[in-house]
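Asks: Turn this into a model:
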Amino acid sequence: MYFHRTKQELGKVYEPGEIVFRQGDPPGAVYVILEGQVEISIARAADQPSICLAILERDHVFGEMSLLDQHPRVATAKAISRVRLLSLDQKGLLQRLHQDPALSLRIMLKLSERIRHMISEIIYLHDRVGLAGPLRFPWEPVTLPFLDTLKRLTFDLLWHPTAVFTWSRGQSLLAWALCLQMFRWWSTSITTMVNLYAADTPMLLPIPLQLTPLVYRYIEIFAYGPYGLLMVSLIAFFLWRYGVAYATVKSMTFAKSWEVVGLAFFAPWLPTLLIDNLLIQYDVAGPAVMMPWHIGVTLVESWLVYVGLRAVFGIAQSQARWLALASCILFLVCAGLLIR
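Replies: Just a heads-up that it's a prediction; the model follows:
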């Protein structure tokens, strides 16, 4: 970052799983990631897994704390993909600080940014939900009152998705996700579907099996709930099947994948239920309005899937992006099979 040579000429290459430094090692160099991803983790008791603090990517700097205070390493740095790192020892860093005094300010700003982020996460888990007692860290399970949990999984998920999904990593929220999805599909069935039937809105696609519109409408109303749960299960299975190899922070299971999909495909739908019924009431719920509107909502839901894959499982940006896009397409295709 402060050198004239190209990035391809700089640095040392670490293969996936290779340790850059371990927690407790003596202070060494500061590192700049030129390519790849590095996991920063700390160890707990011998019988418990280590805690992932961060997944760092290109242009991130790490290891500066030990270099500056000359204390042992407080965390372990491990390559989780093929990584090229540029290292700078204390003498080299001091020379750079002498040549470029503004560099010290940039380092302090980066440290301040990390501290500020940690404080915001701790406040989110403590003060915002009104918990009493000592502060708890994001990896520790937190039992919240019903309404506080509901607020976190709905409104907070829309405004602070990364924080909520990071918190959910250490929780068991499958029952919550299942209940929210059941509420989504059955409430849509008895409100939006019934209103569409009453308003006699036009069919978007031909009706299969030579059914009459009246019969198909009844089938659609009764089948909407179980079919919606089947769709979520299919998307969760797809993400688990093709995303498990990319999980780095937490082991990816079908249940946890279902949880992420169930939460991501609920919060943006809440205002959609009200808006859909208003559009039907004012007779503007034609295909030209409803189709772009629902595609837009699905894109927001898929973006939440992307955030969840990153925060819960530590999947890299590129893989999480295509998995989330595929979930969007899968949802739209499956929904189109039922909603004519």
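Asks: Could you give me the buried positions within the helix or strand containing residue 328?
Replies: For residue 328, the element it lies in under DSSP states H and E is helix 317-338. By neighbour count on 16 or more other Cβ atoms under 10 Å, the buried set for helix 317-338 is 319, 320, 321, 323, 324, 326, 327, 328, 330, 331, 334, 338. The C-beta positions use only the backbone N, C-alpha and C, and glycine is treated the same way.
Asks: quick one: it to chain centroid distance?
Replies: Its chain's average C-alpha position is 15 Å from that of helix 317-338, according to Cα atoms, centre = their mean, to the nearest Å.
Asks: swap in stretch 58-78?
Replies: For stretch 58-78 - counting by Cα atoms, centre = their mean - the centre lies 26 Å from the chain centre.
Asks: mind listing what's buried in the helix or strand in which residue 294 is found?
Replies: Here residue 294, judged by DSSP H and E, is contained in helix 287-313. Neighbour-count burial for helix 287-313 flags 290, 294, 297-298, 300-313 (criterion: 16+ other Cβ under 10 Å).
Asks: what helices or strands is that helix leaning on?
Replies: Packing partners of helix 287-313 (3 or more Cβ pairs under 8 Å, 6 or more residues apart in numbering; DSSP states H and E): helix 161-168, helix 213-243, helix 254-264, helix 269-281, helix 317-338.
Asks: how big is the angle separating the last one from helix 287-313?
Replies: Counting by axes from the mean of the first three to the mean of the last three Cα atoms, to 10 degrees, helix 317-338 points 140 degrees away from the direction of helix 287-313.
Asks: and helix 317-338, average pLDDT?
Replies: The pLDDT scores in helix 317-338 average 85.
Asks: Pull it out as CSV, backbone CA atoms only.
Replies: The C-alpha trace of helix 317-338 is given here as CSV (Å, rounded to 0.1, in the frame of the first residue of the first chain):
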residue,chain,number,x,y,z
GLN,A,317,-18.7,-12.1,-0.8
SER,A,318,-18.5,-13.8,-4.2
GLN,A,319,-19.9,-17.1,-3.1
ALA,A,320,-22.6,-15.5,-0.8
ARG,A,321,-23.6,-13.2,-3.7
TRP,A,322,-24.3,-16.0,-6.2
LEU,A,323,-26.0,-18.1,-3.6
ALA,A,324,-28.3,-15.3,-2.7
LEU,A,325,-29.1,-14.5,-6.3
ALA,A,326,-29.9,-18.1,-6.9
SER,A,327,-32.2,-18.1,-3.9
CYS,A,328,-34.0,-15.1,-5.4
ILE,A,329,-34.5,-16.9,-8.8
LEU,A,330,-35.6,-20.1,-7.1
PHE,A,331,-38.2,-18.2,-5.0
LEU,A,332,-39.6,-16.4,-8.1
VAL,A,333,-39.8,-19.6,-10.1
CYS,A,334,-41.5,-21.5,-7.4
ALA,A,335,-43.9,-18.7,-6.5
GLY,A,336,-44.8,-18.5,-10.2
LEU,A,337,-45.8,-22.1,-10.3
LEU,A,338,-48.6,-21.5,-7.8
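Asks: who touches it?
Replies: 57, 204-205, 220, 223-224, 227, 231, 234-235, 238-239, 242-243, 246, 261, 265, 294-295, 298-299, 301-303, 305-306, 309-310, 315 (Cβ atoms under 8 Å, 6 or more residues apart in numbering).
Asks: do the third one as well
Replies: Outside of helix 254-264, the residues that reach it under the criterion Cβ under 8 Å, 6+ apart are 153, 157, 165, 168, 173-174, 176-178, 180-181, 232-233, 235-237, 239-240, 243, 250, 301-302, 304-305, 307-309, 312-313, 327.
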